[in-house]
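S.K.: Turn this into a structure:
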Amino acid sequence: MPRADDSLAAATLAACRAAKLHVATAESCTGGLVAGALTDVAGSSDVVLGGVVSYSNDAKMRLLGVQEATLAAHGAVSEEVAAQMALGAAQALGAEVAVSTTGIAGPGGSEHKPEGRVCFGIASPAGVRTETVEFGPRGRAEVRQASVEHALTLILTTVETL
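M.R.: Here you go, the predicted structure:
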């Protein structure tokens, strides 16, 4: 049965293809699901350059160039880290557009960083933007799926406005 994000992924790829842009992902809480949604679409290899799953802070630093000082000051679930993750993926993979996800999929969370909070970064020729979405305590699978759909929409709307 097709997932809800199949047509969104296809539309995202089509927009990137039309704009002659390549995409990379930097994922923490989604664990590669954004790259998976994109590469589930046949023919995606002309757009998707790759993705980095950086679940640990060490991986964020070593693979994506996230600064230790940024992690210490803001924590892994922050727009500051999401921005550095997106930039790091774009640079590491040579993509014009890169999206990042870092959040608390659940279960758990804290008063300051509740379950369902996900920070997104998008790097493009227009610069780097970030945003935080509070999906709420929907459960791990639902937060991750909502994050995939949001990340795909973020890529699509960014490419459409370039």
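S.K.: Closest to the centroid, which residue in the chain?
M.R.: Centroid-nearest residue in the chain, with Cα atoms, centre = their mean: Ser100, separated by 2.7 Å.
S.K.: a strand runs through that one, doesn't it?
M.R.: Yes. Using DSSP: H, G, I helix; E, B strand; the rest coil, the assignment for Ser100 is a strand.
S.K.: Which residues are in contact with it?
M.R.: By Cβ atoms under 8 Å, 6 or more residues apart in numbering, the contact list for Ser100 reads Thr25, Ala26, Glu27, Ser28, Ala82, Ala83, Met85, Ala86, Ala89, Phe120, Gly121, Ile122. For glycine as for every other residue, the C-beta is placed from the backbone atoms N, C-alpha and C.
S.K.: if I look at it, how far off is Thr25?
M.R.: 7 Å (Cβ to Cβ, to the nearest Å).
S.K.: Which neighbours do the two have in common?
M.R.: The contact lists of Ser100 and Thr25 share Ala89, where a contact means Cβ under 8 Å, 6+ apart.
S.K.: was I right about Thr153 contacting Leu8?
M.R.: Yes. Between Thr153 and Leu8 there is a contact at 6.7 Å, judged by Cβ atoms under 8 Å.
S.K.: neighbour-wise, which of these two wins?
M.R.: More neighbours surround Leu8 than the other of Thr153 and Leu8, with 19 against 16 (other Cβ atoms under 10 Å).
S.K.: Was I right to think that one contacts Leu154?
M.R.: No. Assessed by Cβ under 8 Å, Leu8 is found out of contact with Leu154, at 10.9 Å.
S.K.: all strands of this structure, in order?
M.R.: Taking DSSP state E as the criterion, the chain carries its strands at 23-27, 48-53, 97-103, 117-124, 127-134.
S.K.: Now the fourth one: average pLDDT?
M.R.: Over the span of strand 117-124, the pLDDT mean works out to 98.
S.K.: quick check: angle from it to strand 127-134?
M.R.: 160 degrees (axes from the mean of the first three to the mean of the last three Cα atoms, to 10 degrees).
S.K.: and strand 117-124, which strands flank it?
M.R.: For strand 117-124, the paired strands and their directions (DSSP bridges) are strand 97-103 (antiparallel), strand 127-134 (antiparallel).
S.K.: count of residues packed around the residue nearest to Gly106 when sequence neighbours are not counted?
M.R.: Of all residues not flanking Gly106 in the chain, Glu115 sits nearest, at 4.0 Å (Cβ to Cβ, 6 or more residues apart in numbering). Look at Glu115: counted by other Cβ under 10 Å, it has 20 neighbours.
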